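Novice: The sequence and its predicted three-dimensional model are supplied below.
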Amino acid sequence: MDDPMTLVLTALPGSGGAAQPALVCFPPAGAGASFYRRLAPRLTGPEEAPTSPVEGLTSPVAGQLFSTVWAVQYPGRESRLREPHTLTCAERSGEATAAIRAQLSSAPGVVLLGHSFGARVAFDTALQLRAEGFPVAGLIVSGCAAQVPAPGHRRHPDPHMSTAEALLTWVRELGGLPADLLACDELLALTAAALRADLIAAEAPASPADAVLDVPLLLLSADDDPLVPPAAMDDWAARTTAGSIRLDLHGGHHALLHDGSWLLATASWLDELTAGGGVCPAGGRRP
């Protein structure tokens, strides 16, 4: 029987320099670990940046960013399909924390990356890891407002009342459904169930609204994101005592999959963390 902790973290393809930190990615609502699969080789990368852009990205990779790349697998999907969905961020971050401690204890630090709903789970996980003294080098937050919107100000369908069709229509409009999934009714039904559970969990964060990390933040916003306008991410700067840097991407809600400029910025950010002992310039911003 598989160790439960080995099911929580999925190792993604590629490996980089052994001295680099490991990266742990947290998927957006409705998605599984495979959401990050095509990004993984870009995140470890060759020692020298390629002379031409990597397919699907507008900027090349800048060297070896991370030693290994892992993605959190939430229950109820992909390799954990037989498990029931969990409905709080506390359950998601609790098992992610335990899995990271169990499987990455020998890594020279970890960086957490959370996109959309995944950013809430990643933030809560970072809080728990730091409380236990685990070396979290940084947190990358993409496409997620710092504060949980009140029910009357949601930018997504009500997960308690909406039909599966309404949930799928919403996520399809955000560009979050792969073309091959659209042709399979069974996969669409599974995606709708996962999406509903994730949106319910997003309304129940594990940490209080004023919780503050001691970890540097790299904030990724997108100029054409209908779900999280760039200004909605401003409050993240107050959620850390270690400084933050903002990077504006071009595209919609899933811009991190298409605008590779953040990969180059991450290389510089990691260099700054190393040179500055893990502290970023406060409130920095890069175009």
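Specialist: Ah, there it is.
Novice: Would you report the backbone torsion angles of Q103?
Specialist: Dihedral angles of Q103 (phi, psi; degrees, to the nearest 10) stand at phi -100, psi -20.
Novice: In this structure it contacts A22, no?
Specialist: No - with contacts counted by Cβ atoms under 8 Å, Q103 stays clear of A22, the gap being 9.2 Å. For the C-beta atoms, the positions are set from N, CA and C on the backbone; glycine is no exception.
Novice: neighbour count winner among those two?
Specialist: A22 (23 against 18; other Cβ atoms under 10 Å).
Novice: can you give me the strands in the stretch 51-200 of the chain?
Specialist: 69-72, 110-115, 136-142 (DSSP state E, counting those that start in this stretch).
Novice: Can you say which of those is nearest to L174?
Specialist: strand 110-115 (11.7 Å; Cβ to Cβ).
Novice: Is the residue nearest in space to the middle of the chain bridged to anything, and to what?
Specialist: Among the residues of the chain, the one closest to the centroid is G114, at 1.7 Å (Cα atoms, centre = their mean). In this structure, G114 bridges to F26, V141 when assessed by DSSP bridges.
Novice: Identify the contacts common to Q103 and A22.
Specialist: Here Q103 and A22 have W70 as joint contacts, going by Cβ atoms under 8 Å, 6 or more residues apart in numbering.
Novice: all helices in the stretch 151-287 of the chain, in order from the N-terminus.
Specialist: 164-173, 179-182, 185-202, 261-275 (DSSP state H, counting those that start in this stretch).
Novice: Mind telling me which of those helices the model trusts least?
Specialist: Mean pLDDT per stretch puts helix 179-182 lowest among the helices of the stretch 151-287 of the chain, at a mean of 71.
Novice: which ones are touching the residue nearest to L256 when sequence neighbours are not counted?
Specialist: Distance criterion Cβ to Cβ, 6 or more residues apart in numbering; nearest residue to L256, sequence neighbours excluded, is S142 at 5.0 Å. Residues in contact with S142, defined by Cβ under 8 Å, 6+ apart, are 113-116, 119, 219-220, 256, 262.
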